[in-house]
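>>> Please find the sequence and the predicted model below.
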Amino acid sequence: MSEVSEEGTPRRYRCGVTYEQPDIAGLRQGLDEVDTGIVRLIARRREIIDAIAKVKEHSESGIQDPERERRVLDGVIAVATDLGVSASLVRTIFRELISDSVAQQVRHLNGDGGGRVRVAFQGTAHSYSDAAAQKYLAGRGLAGDLAGYRTFREAADALLAGDADLAVLPIENTTAGSINEVYALLRSREMYIVGEETWKVDHCLAAAADVPLSSLTRILSHPQGLEQCSQFLRSLPNAVPTTYFDTAGAMQAVAASDDPGLAAIGSPEAAAAHGLVVLRHDIADAEENYTRFVALSRTPATMDVRIPCKTSLILATRHEEGALLRCLEVLSGSGHSMTKLESRPRPGRPWEYLFFLDFEGNAADPKTAAALDELRSAALYIKVLGSYPAKALRHLPRPGELGEPGEPGRQPGPGQDESPADTLEAVAAEQPAVRRSRHYRLVDRAARQADTVIRVGDVLVGGEGFVVMAGPCSVESAEQIGACARFVRDHGAHVLRGGVFKPRTSPYAFQGLGWDGLDLLVAAGREAGLPVVTEVMAVDQVQRMASAADILQVGTRNMQNFDLLRELGKVDRPVLLKRGLSSTIEEWLAAAEYVVTQGNQQVILCERGIRTFESATRNTLDLSAVAVVRERSHLPVIVDPSHGTGQRRYVAPMAWAARAAGAHGLLIEVHPDPDRALSDADQSLSFDGFAALMRRLAAIQPSAAG
């Protein structure tokens, strides 16, 4: 029984005893005061963290101490247990506080914070991506203008077009796994990871009205949302899961519809924003459902070496037994802890795979930089996606744990315990040790004793194989390139060559068919079952050319076009690098170094003759370069006797000599009607001439020098 006192406070009776019931308004006021106090304590905590950051600014110690973090968590959880407070709740709160503290110190050391940035994300307002982007900016003291896009690709395009400074995209979920489309964008676009953020996903089911679940006929959500709630959806026999571009957008669509059987999966915040009724909370398959987001930029970030970082990269392994293991040994042997490894199909290479790998380390640290250089030698292709502040590290190495290359106890690098090829061993026994060049390191034989072998389709270039690349100097028509492709295939060629962009000395000479010619070349190669090689002349051609051709050729005039070489180092395509008109072997190998330092180890060297005072031939074919290059570098080397002589009657003898000298292959110009060829008619072989060359070639064995 109860009544109201004269003061307005509810008066209750229990067992004959009268007591005053607390005023709800007063209780709420007390709660507000406690909440304000908590916020003030957080502000005070941040002031102390700022003071700590200023002290650390003048020391060499790292900003993160895992042992102290563990002690802090253990301490507050013990207090929570004594007070009867949820240990899980306290752990979550303090993990966020510690994460915020680390981010605060990162901003201080890197000079970040303040300013306004434009951020692209996939989805609409109130989506998980929107929330994660806001959390990322807040943790870095930034204000942002956020813009949502319908797809991941559109958000990435906005970044690359300069319409955004950052793009925040999801990359993996603890329930549904990796997000393949974002991985594909990281592989194919020049974007760099500069940060990461995690967001706890709280899926709910919402509709326009409070209706029975059995009445629902369609459930809208992003494909990831549907996948993460698959068990719950199976419990709704009448409802059909329907993909939508965004979880928050799905909520908006339900609010705008007059269909009572329509519902959406998304966040409770999105449901509230659109005036929907939550029918079920916590419907995800796993209670601990987190999504990891990455912040992307057009340029990589450079982090202070004291900042605990994670480095992400893409790699393709060499075509050798145990190749992946050797790459991983580079990291383990240098004291770096790997946090993630997964594979993805390699585009255009059936049954070949790229590996996406994360490890704890900062590329600005000399030890990590040395490990990356060693990894470049071990792998066939590497793209470093960025070093960025890690949200959580499993292990931070103690001082001295990361060994210098060559220190006792360090794992040997790939190939260091392997013997050179027998033929090279014989040559080395007769010659003094070669001085290692200061102009190139990664292409040097000292960096890798075993020959590099490059796969092009089903063809292996390098090692003990011998590859013939043949076809016309220029693609002239579908009939011409088709006839060449069929003939050279039938007579033993492995790769179809053909120029589509032609650098000609005279501006009046035939310049090639351009992109139309590339389409004809690729179609002819596909019909004949041959991979294709063609020349790329400019930086802006690289990405498009790489999406179609199997090998990208750098002509002699572009051997020292360093911007072009760097761009070619960023794509996962073999590069055929011709020697310059008057270039030394040292300069030629240094040009190859420009490609491999960017991550692409798939370089094939091509000797095509150099300019001398001799006028009997177009160029002087330097076959001694084959032996010298094989001694100095592990890269495969082929010979182009067509350009090397400029006269068809000399092409076959020089081709045979190149084979005998130990070249890994040939680049030969062949035309159905050489005298009518639109370019380099004098050096192009006829079909009969090519057939004769190939018959004799099969009988020639390479010399011991090869």
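Everything's here; your move. Numbering: from 1, shown residues only.
>>> thought G514 was touching V500?
Yes - contact criterion Cβ atoms under 8 Å: G514 and V500 qualify, at 6.1 Å. Where you see a C-beta, it was placed from the backbone N, CA and C, and this is true even at glycine.
>>> Between these two, which is the more surrounded one?
V500 (28 against 13; other Cβ atoms under 10 Å).
>>> what's the distance between that one and A158?
32 Å (Cβ to Cβ, to the nearest Å).
>>> Likewise for D550?
Per Cβ to Cβ, D550 is found 32 Å from A158.
>>> same deal with F562?
For F562, the distance to A158 - Cβ to Cβ - is 30 Å.
>>> just the strands in the stretch 551-700 of the chain please.
Taking DSSP state E, counting those that start in this stretch, the strands of the stretch 551-700 of the chain run over residues 551-554, 575-578, 603-607, 637-639, 665-669.
>>> ok, now the stretch 1-150 of the chain?
For the stretch 1-150 of the chain, strands defined by DSSP E, counting those that start in this stretch occupy the ranges 2-4, 10-14, 17-20, 116-122, 143-149.
>>> Which of F562 and A158 has more residues huddled nearby?
Per other Cβ under 10 Å, whichever of F562 and A158 has more neighbours is A158, with 18 against 11.
>>> Secondary structure element holding the more buried one?
helix 152-160 (DSSP states H and E).
>>> now K310
Short version: K310 belongs to strand 309-317, going by DSSP H and E.
>>> So for that strand, mean pLDDT?
Averaged over strand 309-317, pLDDT sits at 93.
>>> Can you lay out the strands of the stretch 551-700 of the chain as TSV showing mean neighbour count, distance to S221 and mean pLDDT?
Putting the strands of the stretch 551-700 of the chain into TSV (neighbours: other Cβ atoms under 10 Å; distance: least, Cβ to Cβ, whole Å; pLDDT from 0 to 100) gives the following:
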stretch	mean neighbour count	distance to S221	mean pLDDT
strand 551-554	24	42	98
strand 575-578	27	44	98
strand 603-607	27	47	98
strand 637-639	27	54	98
strand 665-669	27	53	97
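>>> Pipe these into CSV and attach distance to L233 per row.
Listed next are those as CSV, based on distance: least, Cβ to Cβ, whole Å:
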stretch, distance to L233
strand 551-554, 47
strand 575-578, 48
strand 603-607, 50
strand 637-639, 57
strand 665-669, 56
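>>> From the chain's centroid, how far away is stretch 480-494?
Here the centre of stretch 480-494 is set off from its chain's centre by 36 Å, with Cα atoms, centre = their mean, to the nearest Å.
>>> got the buried residues for it?
By 16 or more other Cβ atoms under 10 Å, the buried positions in stretch 480-494 come out as 480-485, 487-489, 491, 493-494.
>>> Generate CSV for those, with pLDDT, secondary structure and distance to S230 as supplementary columns.
Shown next, in CSV, are those (pLDDT from 0 to 100; DSSP: H, G, I helix; E, B strand; the rest coil; distance: Cβ to Cβ, whole Å):
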residue, pLDDT, secondary structure, distance to S230
Q480, 97, helix, 55
I481, 97, helix, 50
G482, 97, helix, 50
A483, 97, helix, 54
C484, 97, helix, 53
A485, 97, helix, 48
F487, 97, helix, 55
V488, 97, helix, 52
R489, 96, helix, 49
H491, 95, coil, 56
A493, 96, coil, 51
H494, 97, coil, 47
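>>> Let me know the closest of these to P300.
Distances from P300 to the buried residues of stretch 480-494, taken as Cβ to Cβ, are shortest for H494 (37.9 Å).
>>> looking at it, the closest one is touching V459, isn't it?
Yes - between H494 and V459 there is a contact under Cβ under 8 Å: 4.7 Å.
>>> shared neighbours of the two, which are they?
Common contacts of H494 and V459 (Cβ atoms under 8 Å, 6 or more residues apart in numbering): 467, 531.
>>> next one: the helix or strand harbouring Y388 to chain centre, how far?
Here Y388, judged by DSSP H and E, is contained in strand 379-389. Here strand 379-389 is found 6 Å from its chain centre; the criterion is Cα atoms, centre = their mean.
>>> how about that strand: buried residues?
Buried residues in strand 379-389, counted by 16+ other Cβ under 10 Å: 379-389.
>>> what angle sits between it and strand 309-317?
Interaxial angle, strand 379-389 versus strand 309-317 (axes from the mean of the first three to the mean of the last three Cα atoms, to 10 degrees): 170 degrees.
>>> As a check, name the ranges of all helices in the stretch 501-650 of the chain.
Taking DSSP state H, counting those that start in this stretch as the criterion, the stretch 501-650 of the chain carries its helices at 515-528, 542-546, 562-568, 585-597, 624-632, 641-645, 648-661.
>>> helices or strands up against the last one?
This means helix 648-661. Applying 3 or more Cβ pairs under 8 Å, 6 or more residues apart in numbering; DSSP states H and E, we find helix 648-661 packed against helix 624-632, strand 637-639, helix 641-645, strand 665-669, helix 687-697.
>>> domains in this structure, as residue ranges please.
The chain breaks down by automatic domain parsing into domains covering 24-110, 116-201, 204-283, 300-389, 442-501+512-697.
>>> Next, format these as a markdown table and append distance to T291.
Output for the domains of the chain, formatted as a markdown table (distance: least, Cβ to Cβ, whole Å):
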| stretch | distance to T291 |
| --- | --- |
| domain 24-110 | 16 |
| domain 116-201 | 5 |
| domain 204-283 | 8 |
| domain 300-389 | 15 |
| domain 442-501+512-697 | 28 |
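>>> which one of these lies closest to F293?
Among the domains of the chain, domain 116-201 comes nearest to F293, with 4.4 Å by Cβ to Cβ.
>>> So for stretch 158-174, mean pLDDT?
94.
>>> Would you mark the buried spots in stretch 254-273?
254-255, 262-271, 273.
>>> Of these, which pair is most distant in space?
Greatest spacing in the buried residues of stretch 254-273, by Cβ to Cβ: L262 and E269 (19.7 Å).
>>> before we move on, back to that, the strand holding K310: what's the following helix or strand?
Following strand 309-317 in sequence, per DSSP H and E, is helix 323-333.
>>> So which bits of that following helix are buried?
Per 16+ other Cβ under 10 Å, helix 323-333 contains these buried residues: 323-324, 326-331, 333.
>>> Next: stretch 230-250.
Here stretch 230-250 shows 232-233, 236, 239, 241, 244-250 as buried, counting by 16+ other Cβ under 10 Å.
>>> and if you look at stretch 169-184?
Neighbour counts using 16+ other Cβ under 10 Å place 169-176, 178-179, 181-183 of stretch 169-184 among the buried residues.
>>> Between those residues, which sits nearest V603?
V603 has its nearest neighbour among the buried residues of stretch 169-184 in Y183, at 25.6 Å by Cβ to Cβ.
>>> give me the element the closest one is part of.
Assigned by DSSP H and E, Y183 belongs to helix 180-188.
>>> can you give me the angle the helix or strand that comes right after that helix makes with strand 379-389?
Next in sequence after helix 180-188, counting helices and strands by DSSP H and E, comes strand 192-200. For strand 192-200 against strand 379-389, the angle by the same axes, to 10 degrees is 60 degrees.
>>> Make 45 the starting number, not 1.
Okay, residue one is now 45; in that scheme the one you just asked about reads as strand 236-244.
>>> next structured bit after strand 236-244?
Sequence-wise, the next helix or strand downstream of strand 236-244 (DSSP H and E) is strand 248-251.
>>> Each with direction, which strands does that following strand pair with?
Here strand 248-251 is paired, per DSSP bridges, with strand 306-310 (antiparallel), strand 321-324 (antiparallel).
>>> avg pLDDT for the longest one?
Strand 306-310 shows an average pLDDT of 96 in the prediction.
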